[in-house]
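Chemist: Show me how the following folds:
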Amino acid sequence: IDASVDAAEEGIEEQLEEQLVSSVPGMLEDALSSLSLSTTLDVADASYTLTAIPQSVDVEPQGIELPMLTQIVPDSAIAAFLADGPTGSPFADYTRPTFLSTDGGIELGFSVDFFNQALRAFWAGGLLDMQMTDEDLGIDLAPLGLLLPGLSDLTLRTEARLPAMFILNPDTEAKTQLILQLGDLYVQLHDGEVTDESLYMEIYLSGMVPCEVQISDDGENFEMTTEEATLYLDVLEGGSSSLSREGAEGAFEVLVPMFLPEITGALASIPIPQMDGYTITGLELLMYGPASRKGYVGLTGNLFVD
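Modeler: Model (predicted):
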């Protein structure tokens, strides 16, 4: 009798296990597939809508993976060169992380393609089309007198033919994981208010800016810190200035760090996803991917039920 009872129990356990193995992954997939993210990002004087929806739900022995498709669009597309610019963002298709190191926590991966998607949207929304005075920039023109002779009341105006974009830092040992590329940025310097007569200098500016991705102190957003930029200038003929190329380079070594935070600071508006009913603590940042092509910004932390 005991043997028959044991056999019956074993048969029931096997059937339950089969039912769980066949049913639970599907139930999880159904539950998680309804998850989506839609939030508004306020950057400078413009608003952008960030949407993320599940691409698939992968239930694996080590955990659940939820790849998301993202889109960031400006509420108003007003870039000066929008009609002539790219219709999409760069796509390098970096190797997706496997998250095999997860041990009871949570891991979030953000492709560099995602950040370039954001930069393209910010460009379309006019982020790189700026107009700032020396007061807005917080600079004193007096020390710049040798570099900008005759300029007494600065107004800096920019229009970008191309979005800024990130590439991976080829120096894999560097602290800065990314390089921010600026290209075809049209810049005017005016002496006073912007008029045809006040034009002092016009140039096209390109640059390479090493960037380090960080987590904000409150753990809710991304941040970017930058190192010294490498700049390339093409000074156009015209205007009232006879400033030499060397003088222009010296001037923009001072000016670029003043308006660069307008670009990198925009990324601080991108939130680190939170889930209703859960809290993520102890976030740490690292780069995922093959040694020479770590194209995912990764966040690891602990997940708790509220």
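Chemist: contacts for stretch 268-282?
Modeler: 37, 39, 41-43, 50, 52, 106, 108, 115, 118, 215-216, 219-224, 283, 299, 301-306 (Cβ atoms under 8 Å, 6 or more residues apart in numbering). Backbone N, C-alpha and C define where each C-beta goes, glycine included.
Chemist: Quick check on the residues you listed: which are buried?
Modeler: Among the contacts of stretch 268-282, those classed as buried by neighbour count (16 or more other Cβ atoms under 10 Å) are 41, 43, 50, 52, 106, 108, 115, 118, 215, 222, 224, 299, 301.
Chemist: Quick check: longest strand in the chain by residues?
Modeler: Longest strand in the chain by number of residues (criterion: DSSP state E): strand 199-215.
Chemist: Next SSE downstream of that one?
Modeler: Taking DSSP states H and E as the definition, the helix or strand that follows strand 199-215 towards the C-terminus is strand 222-226.
Chemist: Name the residues that touch that following strand?
Modeler: Residues outside strand 222-226 that contact it (Cβ under 8 Å, 6+ apart): 180, 209-216, 257, 260, 264-265, 267-268, 270, 272, 297.
Chemist: what stretches of the stretch 101-250 of the chain score poorly on pLDDT?
Modeler: For the stretch 101-250 of the chain, the stretches with pLDDT under 70 are 101-104, 237-246.
Chemist: hmm, try it at 80
Modeler: Across the stretch 101-250 of the chain, residues meeting the criterion (pLDDT under 80) sit at 101-105, 143-148, 237-250.
Chemist: where along it do the helices fall?
Modeler: Counting by DSSP state H, counting those that start in this stretch, the segments of the stretch 101-250 of the chain that form helices are 112-124, 134-137, 245-264.
Chemist: so which of these gets nearest residue 166?
Modeler: With respect to residue 166, and counting by Cβ to Cβ, the nearest of the helices of the stretch 101-250 of the chain is helix 112-124 at 5.3 Å.
Chemist: That closest one: how far from the chain's middle?
Modeler: Here the centre of helix 112-124 is set off from its chain's centre by 6 Å, with Cα atoms, centre = their mean, to the nearest Å.
Chemist: Stretch 146-160 too?
Modeler: 29 Å.
Chemist: what does stretch 138-158 give?
Modeler: In terms of Cα atoms, centre = their mean, the centre of stretch 138-158 is found 31 Å from the chain centre.
Chemist: buried sites along that stretch?
Modeler: Under the neighbour-count criterion of 16+ other Cβ under 10 Å, stretch 138-158 has 139, 144, 147-148, 151, 154-158 buried.
Chemist: which of these lies closest to residue 202?
Modeler: Residue 202 lies nearest to residue 157 out of those, by Cβ to Cβ, at 9.2 Å.
Chemist: Who is the closest one paired with across the strands?
Modeler: The partner list for residue 157 in beta bridges (DSSP bridges) reads residue 131, residue 188.
Chemist: show me what contacts residue 135?
Modeler: Not one residue lies near residue 135 by Cβ under 8 Å, 6+ apart.
Chemist: same deal with residue 184?
Modeler: If you count contacts by Cβ under 8 Å, 6+ apart, residue 184 has them with 160-162, 204, 206.
Chemist: Could you identify which of those residues has the most neighbours?
Modeler: Each of those was scored by neighbour count (other Cβ atoms under 10 Å); the top score is that of residue 160, with 24 neighbours.
Chemist: wait, doesn't that one sit right on residue 86?
Modeler: No - Residue 160 sits out of contact with residue 86 when judged by Cβ atoms under 8 Å, with a separation of 11.5 Å.
Chemist: now could you export just the CA positions of stretch 191-203 as CSV?
Modeler: Listed in CSV are the C-alpha atoms of stretch 191-203, where the atom choice follows Å, rounded to 0.1, in the frame of the first residue of the first chain:
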residue,chain,number,x,y,z
ASP,A,191,28.5,92.4,-31.5
GLY,A,192,25.2,93.3,-29.9
GLU,A,193,21.8,92.3,-31.1
VAL,A,194,21.6,90.0,-34.1
THR,A,195,21.5,92.0,-37.3
ASP,A,196,23.3,91.9,-40.6
GLU,A,197,25.4,94.8,-39.6
SER,A,198,26.4,93.3,-36.2
LEU,A,199,27.9,90.1,-37.6
TYR,A,200,31.4,89.8,-36.2
MET,A,201,32.4,86.3,-37.3
GLU,A,202,30.8,83.1,-38.7
ILE,A,203,32.3,79.7,-38.7
